[in-house]
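In: what shape does this take:
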Amino acid sequence: MNKRLVGFGLLLIFGLLLAVVPARAAGSPDAVLGVWKNGEGTGMIQIFKKADKYYGRLVWLKVANTPAGTPRTDVNNPDEAKRKTPLKGLENMRDFTFSGDNKWEGGKIYDPKNGSDYSCEMTLVDANTLEVRGFIGVSLFGRTDVWKRQMMKK
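Out: So this is what the prediction gives:
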């Protein structure tokens with residue numbers, strides 16, 4: 001009787017695993033929505049959806065103001081006309097599409113530290129961990145940053 005019970009228990013666990021794994025792999029296109037802190041802890045990005053694409057904007061900066069007390073601006077932007085644009089609120093991620101398996105691809109990410117635009121893809125590792133990979137050309141030549149989901153106070 002004990003062997004039957006153990007066998008049934010193992011079968012039940014295996015069945016549950018089979019049911020959970022495909023659901024995890026499929027993922028939800030909107031699972032990436034929310035506020036994320038970058039790996040350095042210097043900024044928070046809100047990922048949002050417009051039509052069928054995903055975008056991101058800077059909503060918090062660890063150092064929000066210059067030494068003079070004015071809001072930090074996009075001083076490294078190659079377009080001189082945009083150098084006075086405040087960093088807070090800046091849309092720095094654009095045009096991502098959900099490709100399945102917890103991955104968003106085909107997007108661009110702008111780095112205000114150097115004024116450069118990179119191809120980008122995002123992978124949701126778990127509900128609170130997002131890998132953001134910026135690259136030039138192919139994904140092999142790039143850098144991955146690990147972002148953590150932030151729970152916003154109401």
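In: what is the burial count for T42?
Out: Neighbour count for T42, taken as other Cβ atoms under 10 Å: 12. All C-beta spots, glycine's among them, are computed from the backbone N, C-alpha and C.
In: distance-wise, check it relative to R72.
Out: Relative to R72, T42 is positioned 11 Å away (Cβ to Cβ, to the nearest Å).
In: which neighbours do these two have in common?
Out: In terms of Cβ atoms under 8 Å, 6 or more residues apart in numbering, T42 and R72 are both contacted by the residues 61, 63.
In: now the helices for the protein?
Out: 2-26 (DSSP state H).
In: which residues in it form strands?
Out: Per DSSP state E, the chain carries strands over the ranges 34-37, 43-50, 53-61, 91-100, 103-111, 116-126, 129-135, 142-150.
In: export those to TSV and tack on mean pLDDT, distance to A81 and mean neighbour count?
Out: Formatted as TSV, the strands of the chain follow (pLDDT from 0 to 100; distance: least, Cβ to Cβ, whole Å; neighbours: other Cβ atoms under 10 Å):
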stretch	mean pLDDT	distance to A81	mean neighbour count
strand 34-37	98	29	20
strand 43-50	98	23	19
strand 53-61	98	19	19
strand 91-100	98	16	17
strand 103-111	98	15	18
strand 116-126	97	16	17
strand 129-135	97	24	19
strand 142-150	97	28	15
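In: save those as JSON lines, and put in distance to P67 too.
Out: Listed next are the strands of the chain as JSON lines, based on distance: least, Cβ to Cβ, whole Å:
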{"stretch": "strand 34-37", "distance to P67": "24"}
{"stretch": "strand 43-50", "distance to P67": "18"}
{"stretch": "strand 53-61", "distance to P67": "14"}
{"stretch": "strand 91-100", "distance to P67": "23"}
{"stretch": "strand 103-111", "distance to P67": "22"}
{"stretch": "strand 116-126", "distance to P67": "25"}
{"stretch": "strand 129-135", "distance to P67": "28"}
{"stretch": "strand 142-150", "distance to P67": "26"}
